[in-house]
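Student: Okay, sequence plus prediction incoming.
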Amino acid sequence: MGKERIYELAKELKVESKDVLDVAKKKGMSVKNHMSSVDEQQAKELRSALGSKKAQTTSTTNNHSNNTHSQHPVRSHEPAKSSTTSSQTNGHSNQTRPHSNNGQQRPQNRSNGNNNNHRSDGQQRRNSQSGNGQVNNNHRRDNSTSTKPSTTNNNNHRFSNNGSQRANDQRTNNNDRRGQNNNSRNNAGSNNAGHQHNNSNGGRFGGSLKNNNNSKYNRNNNRFNKKNKKKNKNQRIRETNNKPVAVRKDRPLPETLIYSVGMNAQDLGKILHREPAEIVKKLFMLGVMVNQNQSLDKDTIEILAADYGIEAQEKVEVDVADIDKFFDEEEKNTDHLVSRPPVVTVMGHVDHGKTTLLDKLRHTHVTEGEAGGITQAIGAYQVKYNDKEITFLDTPGHAAFTEMRARGANITDITVLVVAADDGVMPQTVEAINHAKAAGTPIIVAVNKIDKPGANPSHVTEQLTEYGLIPEDWGGDTIFVEISAKFGKNLDELLDMILLQAEVMELKANPDQHAAGSVVEARLDKGKGSVATLLVQHGTLHVGDPIVVGNTYGRVRTMTNERGRRIKEATPSTPIEITGLSDVPEAGDRFIVFEDEKTARAAGEERAKRALVAERANTNHVTLDNLFDSLKEGEMKSVPVIIKADVQGSVEALAQSLKKIKVDGVKVDIIHTAVGAINESDVTLAEASNAIIIGFNVRPTPQAKSQADSGSVDIRLHRVIYNAIDEVESAMKGMLEPVYEEQVTGEVEVRELYKASKVGTIVGGMVTSGAITRDASIRLIRDGVVVYEGKLGSLKRFKDDVKEVKQGYELGLTIENFNDVKVNDVIESYIMKEVPVK
Ligand SMILES: Nc1nc2c(ncn2[C@@H]2O[C@H](COP(=O)(O)OP(=O)(O)OP(=O)(O)O)[C@@H](O)[C@H]2O)c(=O)[nH]1
């Protein structure tokens, strides 16, 4: 217990500070003014001296006006904090116990850590024995009793009151609102008292308690009173009764604090049902100095939780943008598995007959009821054979499509390797084998063009054994089918083999889940917007499904099969063309169906944002590490190229291939790529950037063509990707500055020297190797050291000027602007020769 100031005592005892000072001085205490302080013992003395005086005055007043608004507060409050020795005090305590024990008061007491609780328990029991009437009586009696017990009581009063006052002051300082809360809490205490004593001046009792608090607790109450001084007391009591009680502090802590990293004290306060200020304070005690809005890290939050004695658990944030994760989840979903058609990719070398085979199958083995339908080039289609479906992916077959094909192989179950029987294994045949092997897909070899006169199927088989593809007849396990795609020979056998292989593989999927799959290709259609060919790999895709495809999203607006027929749903292994996406996805992108469009949108937008960030991060920033490269790049020439193609897949493939062209000193700079015809804006862009436009399977619009002609923009149209690449490559080579290489042509040994006043030193010598020419550059070498580099002044054989002197012949020569030649020097002649670009 600390010291107390005179004015505080005066306030408490409701007397003038002067009176307290006087008494103190009389008692020999060293006090000067109202700010002087006295110790605990002295305060006790003063209280008893002044308190008894005061009490006498009060009791007199009470006798006069027992039922009026008297000075109840002082006395009615005092016993609340008192322990008792006399029966009167007991009575008094009993009636006041409910205040301290009721509602808000209890936790406050607990937090104050005083002894009242212990006492009040016992007292409560006694109180209940005496009953309400008794309480009231006690109370009434007490109102008029002497204040004798207050001597002892005051100690306790001080004890408990100091505690609460300290807490209260602190709160008031921290937060004004808190101070008010305390008021309301105190008021709540009085409210309860009010309820209990309603029949016998309970209202006044309640009010008095409040007043008591006001006088002792803090300025807030005074302020509150000032504000309301015009209102009468009853009104005030009513208001007090209606005031919402701040219950926050008393709400229990959650069992587990579920948090996210980066939460601040305010966020945590909400979860913990605690004031943010309390959390800030707690953190301060734990050595973390933060304000309410500062983000907290994982460790801090966990320490805080531990300090509160509760578990902490980090909230698992679901990254909706991670569609690969969702895809994997759908893939792992193995409920209700049913057989699905195999997905087949046809690969092989250029012109070996892939397209012919796919076209033939497409036209001969169409799904029932759809015969005669217009076949769309959607990059994938299904054929029906023996009541079973097979899905064929029409992936572009050129080596330049490597990347896409590698992606395609991921969705492929079986690879059909087409090898022309008249041509045998070629580079892209090997490449296709490697891709299929890398993807782990079984290979069925279709030896094609067996109808051709020069066909040699067994040679093909032999060649393929080198790559591990050994037919069953030869002890291997690879299926070989000899076909003629052009004439449809053995195509049924090929389909049989595919189905057989599929059966062995037990291909299954669950059609009862959200659809997931991959993009086969995508394009921008003038009328329909983004059009994507998707292959459903898991689940069933429905019209209206909210979907995220790569970095785009949307709702499946329309769904058509390869024959342009509208369908409502697509089961596993079905290729379909959909519209309704926000943007054009890329071939090989994955798609996932979401529960609702909002999440799909959020995921799609987030993915697009991340892709943009990644792309930006990829653009070269100069760092110390790449500074040298950048400087070198500064010397590089670039060929700006605009790529327009019919489908996204071709755009990608062409772009990738062009980027891969290696010509030292020149690089391809792809400034724009898009799907669709070459339009005026492409030409404008090309004009501005001095770019070449490469059109793959597309044509320029008439306006674009005339604009290009007048602006002399180079538009190159191709249908074969190789040609496009070749063309760009040669353009790049043509751009290079010629590279020259020194070539030593001959050597002359200096044997004699003649000095001529007009021409300087004349060298007589012999060509020891090669030949020396008049226009060659020369180097004078003495003892292995180059002494001079320059040009010849003259070259003679005997007296005649000559253009060249060959090995073994003597000559005479002069060196331009140089005479310091010595016998035995060697003159080396050389030329700079242009080196062809590799
Ligand atoms: N005689 C004969 N010719 C065939 C056969 N299959 C394909 N051809 C021909 O071979 C040529 C190339 O066939 P495509 O189907 O275009 O070959 P591809 O492998 O698709 O070629 P790219 O698309 O350029 O990679 C065409 O002229 C076809 O008519 C066949 O079984 N027999």
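Tutor: Nice, thanks for sending it over.

Student: Tell me who's in contact with whatever residue of the stretch 651-800 of the chain ends up closest to the ligand.
Tutor: Using C-beta to the nearest ligand atom, the closest approach of the stretch 651-800 of the chain to the ligand is made by Val720 at 7.0 Å. Placement of C-beta: from N, CA and C, glycine included. Going by C-beta atoms under 8 Å, 6 or more residues apart in numbering, Val720 touches no other residue.

Student: pLDDT wise, what is it at?
Tutor: On pLDDT, Val720 comes in at 78.

Student: Same check on Lys231?
Tutor: At Lys231, pLDDT is 46.

Student: likewise Thr560?
Tutor: 91.

Student: partner residues bridging it?
Tutor: In this entry, Thr560 is beta-bridged to Arg566, Glu577, by DSSP bridges.

Student: Tally up the residues packed near it, please.
Tutor: Applying other C-beta atoms under 10 Å, we find 18 residues neighbouring Thr560.

Student: Show me what from this structure comes close to the ligand.
Tutor: Within the chain, the residues that sit near the ligand (C-beta under 6 Å from any ligand atom) are 348, 350-356, 397-398, 448-449, 451-452, 484-486.

Student: Any quick ChimeraX command for the buried ones out of those?
Tutor: Command for ChimeraX that selects the buried part of these, burial taken from 16 or more other C-beta atoms under 10 Å:
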select :348,350,352,353,354,356,397,398,448,449,484,485
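
Student: Which of the residues of the chain next to the ligand fall in helices?
Tutor: Taking DSSP state H, the ones among these that sit in helices are Lys354, Thr355, Thr356.

Student: Reformat those as CSV; add pLDDT.
Tutor: Formatted as CSV, these follow (pLDDT from 0 to 100):
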residue, pLDDT
Lys354, 87
Thr355, 84
Thr356, 87
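
Student: and which of those is nearest to Lys644?
Tutor: Thr355 (22.0 Å; C-beta to C-beta).

Student: Show me what counts as buried in whatever helix or strand Gly604 lives in.
Tutor: Taking DSSP states H and E as the definition, Gly604 sits inside helix 597-618. Neighbour-count burial for helix 597-618, counted by 16+ other C-beta under 10 Å, picks out Glu597, Ala600, Arg601, Ala602, Ala603, Gly604, Glu605, Glu606, Arg607, Ala608.

Student: if we can go back for a sec, Throw the ones in helices among the residues of the chain next to the ligand into JSON lines and include distance to Phe798, thanks.
Tutor: Shown next, in JSON lines, are those (distance: C-beta to C-beta, whole Å):
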{"residue": "Lys354", "distance to Phe798": "74"}
{"residue": "Thr355", "distance to Phe798": "75"}
{"residue": "Thr356", "distance to Phe798": "76"}
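
Student: Out of these, which is nearest to Lys44?
Tutor: Lys354 (107.1 Å).

Student: Tell me who's in contact with that closest one.
Tutor: Val346, Met347, Gly348, Gly397, Val418 are the contacts of Lys354 under C-beta under 8 Å, 6+ apart.

Student: Now the third one. Nearest residue, chain neighbours left out?
Tutor: Of all residues not flanking Gly348 in the chain, Val418 sits nearest, at 3.5 Å (C-beta to C-beta, 6 or more residues apart in numbering).

Student: Look at Leu795 and give its secondary structure.
Tutor: strand (DSSP: H, G, I helix; E, B strand; the rest coil).

Student: Also Met732?
Tutor: Once three-state DSSP is applied, Met732 turns out helix.

Student: show me the residues around it that make contact.
Tutor: Taking C-beta under 8 Å, 6+ apart as the definition, contacts of Met732 comprise Val639, Ile661, Val663, Val666, Val668.

Student: hang on, Ala522 packs against Gln648?
Tutor: Yes - using C-beta atoms under 8 Å, Ala522 is in contact with Gln648, at 4.7 Å.

Student: any residues in contact with both of those two?
Tutor: With C-beta under 8 Å, 6+ apart, Ala522 and Gln648 have common neighbours Val584, Pro585, Glu586, Ala587, Val675.

Student: Among those residues, which lie within strands?
Tutor: Val675 (DSSP state E).

Student: Show me how the chain divides into domains.
Tutor: With the TED database as the criterion, the domains of the chain are listed as 4-50, 256-314, 341-506, 516-617, 636-735, 739-835.

Student: Output those as CSV; include the columns distance to Lys325.
Tutor: Formatted as CSV, the domains of the chain follow (distance: least, C-beta to C-beta, whole Å):
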stretch, distance to Lys325
domain 4-50, 66
domain 256-314, 18
domain 341-506, 16
domain 516-617, 9
domain 636-735, 25
domain 739-835, 52
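
Student: just to revisit the earlier point, farthest-apart pair in the contacts of Lys354, please.
Tutor: Taking C-beta to C-beta, no two of these sit farther apart than Gly397 and Val418, at 8.3 Å.

Student: hey, where'd the strands end up in the stretch 601-750 of the chain?
Tutor: Listed in chain order, the strands of the stretch 601-750 of the chain (DSSP state E, counting those that start in this stretch) span 637-645, 666-675, 692-696, 715-718, 739-756.

Student: Sounds good, over and out.
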